[in-house]
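After the sequence you'll find the predicted model.
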Amino acid sequence: MSPFDVVRENVTARQVAEYYGLKVNRNGMACCPFHDDRTPSMKIDKRYYCFGCLAKGDAVDYVARMFGLRPKAAAEKICADLGLAYDRDRRGSPPRAKPVKTKKTDEQLFKEAEKYVFFVLCDYHDKLLKWKIEYAPKSPDEEFHPYFVEALQEIDHVEYLLDTLLDGDISDRAFLLSNYGRKVQEIEKRLRRINEHTAGSDRECHEGGKRNGKESEWCR
């Protein structure tokens, strides 16, 4: 089986793109890496299509365009990087093409950092909006929940950072990445822990409700 067949039968364009660092949201949309894309304009699943620059294709096409390779070399790179086996040539020798290691430019690294910070801050902003409603005190005497307090304190600041990433000039955006990069990484780790804990709690409530024949009040 050729590397083309192996890739097309085992790997989608989205899987390959995410392996090489593309951030894809829940709706299957991503910022296109093939043009200066500030908002997600690429739809990607088995294949990809950009509504901005009209780039399209499958997993092989994506890697070929991303790394400047011919289709065969792109297919062989995917197989090598993802550990997919395929038939060698008739003489039994290994394929000539080797995985290509490309050094990213400073501009590419900057754009990747911008996208990462933007998506993490978007997730954090959504969480703060949810906390502001979900944990709002139900009576004047009720003690403020820490999540509610955090939402009140952070929402405006996070919105300012997002506006800077969207509309700020290059110096403002570079300053933001330099000064908030580490904090954003901590926010992402914390959100992941919160989501994992929430998922675990929901699963326990669901299973416990089944055993008791009714849903626990804590699950409602």
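Arrived safely, thanks for sending.

For the residue lying closest to Ala174 once chain neighbours are set aside, identify the helix or strand it belongs to.
Distances taken as Cβ to Cβ, 6 or more residues apart in numbering place Phe110 nearest to Ala174, at 7.4 Å, with adjacent residues excluded. C-beta: built from backbone N, CA, C; applies to glycine. Using DSSP states H and E, Phe110 falls within helix 106-134.

Same check on Tyr62?
Per DSSP H and E: helix 59-67 holds Tyr62.

Show me what the following helix or strand past that helix is packed up against.
Note on helix 59-67: by DSSP H and E, the next helix or strand toward the C-terminus is helix 71-82. Contacts defined by 3 or more Cβ pairs under 8 Å, 6 or more residues apart in numbering; DSSP states H and E place helix 71-82 against helix 3-10, helix 13-19, helix 59-67.

Grab the most central residue of this structure for me.
The residue lying closest to the centre of the chain (Cα atoms, centre = their mean) is Lys23, at 2.9 Å.

Can you pull the phi/psi pair for that residue?
The phi/psi pair for Lys23 (degrees, to the nearest 10) reads phi -90, psi 120.

show me where pLDDT drops low in this protein?
In the prediction, the chain carries residues with pLDDT under 70 at positions 88-103, 200-220.

Domains of it: list them as residue ranges, please.
For the chain, the TED database gives the domain ranges 3-82, 106-206.

Any idea how far apart the tips of the shortest one sit?
With Cα to Cα, to the nearest Å as the measure, the ends of domain 3-82 fall 12 Å from one another.

can you offset everything so residue one is 546?
Let's use 546 as the start, then, which means that last one is domain 548-627.
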